[in-house]
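Q: Sequence plus the predicted model coming up.
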Amino acid sequence: MSNDIELEDFSSKRHSNNEANSQSVDENIASQDGTIGLWAWTSAAFFFVFSTSLTLFPRFLLFMAEPSEGRSVLSPLESFLAVQLGIVVGAVALTLIVTVRSFARGRMLRLSPDGP
């Protein structure tokens with residue numbers, strides 16, 4: 001039964017396919033460069049708005065979570081955690097912006113003929 005199986009050597013085909021795929025990957029990244037930037041800037045804007053609302057208005061969480069006749073003051077722990085979460089989300093927004101800029105700058109350096 002094992003004598004019926006024929007094996008082919010795919011190593012040479014795989015090597016030639018890798019060279020062709022590397023060019024298509026570069027072209028794919030170039031076509032998605034604007035899309036990645038758009039998503040990153042949109043996400044950063046959303047995170048920045050969320051961060052600002054948590055940092056400046058932590059009682060907004062209480063307004064959203066409690067019924068209209070519930071408590072009106074956050075505990076110190078809740079207030080502290082809301083501000084800290086706002087700072088963390090703001091840091092994520094800033095990281096997205098810095099990452100997109102460095103990605104675009106590195107892309108421009110790779111594409112320029114006078115690059116390093």
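A: Noted; the coordinates are in hand.

Q: For whatever helix or strand Leu62 lives in, buried residues please.
A: Using DSSP states H and E, Leu62 sits in helix 59-65. By neighbour count with 16 or more other C-beta atoms under 10 Å, helix 59-65 contains the buried residues Leu61, Leu62. Backbone N, C-alpha and C define where each C-beta goes, glycine included.

Q: And the next helix or strand past that helix?
A: The C-terminal neighbour of helix 59-65 among helices and strands, as given by DSSP H and E, is helix 76-111.

Q: Any stretches of the chain with poor pLDDT?
A: Low-confidence segments of the chain, defined by pLDDT under 70: 1-2, 12-33, 68, 102-116.

Q: swap the cut-off to 80 and go again
A: Low-confidence segments of the chain (pLDDT under 80): 1-36, 65-72, 101-116.

Q: can you list contacts of the helix holding Leu62?
A: By C-beta atoms under 8 Å, 6 or more residues apart in numbering, the residues outside helix 59-65 that reach it are Ser53, Leu54, Gly70, Arg71, Ser72, Val73, Leu74, Glu78, Ala82.

Q: Buried among those? Need that as a selection in PyMOL.
A: Applying 16+ other C-beta under 10 Å to the contacts of helix 59-65, the buried members can be selected in PyMOL as follows:
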select buried, resi 54+82
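
Q: May I ask you to confirm that Glu78 is in contact with Pro58?
A: Yes: assessed by C-beta atoms under 8 Å, Glu78 is found in contact with Pro58 at 7.4 Å.

Q: Just send the contacts of helix 59-65 back as TSV, with distance to Arg101 too.
A: What follows is those, written out as TSV (distance: C-beta to C-beta, whole Å):
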residue	distance to Arg101
Ser53	25
Leu54	25
Gly70	44
Arg71	43
Ser72	43
Val73	41
Leu74	36
Glu78	35
Ala82	29
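
Q: Quick check: Phe50 vs Trp39, distance?
A: Going from Phe50 to Trp39 by C-beta to C-beta, to the nearest Å gives 16 Å.

Q: more neighbours, the two?
A: Taking other C-beta atoms under 10 Å, Phe50 and Trp39 do not tie; Phe50 has more neighbours (16 against 13).
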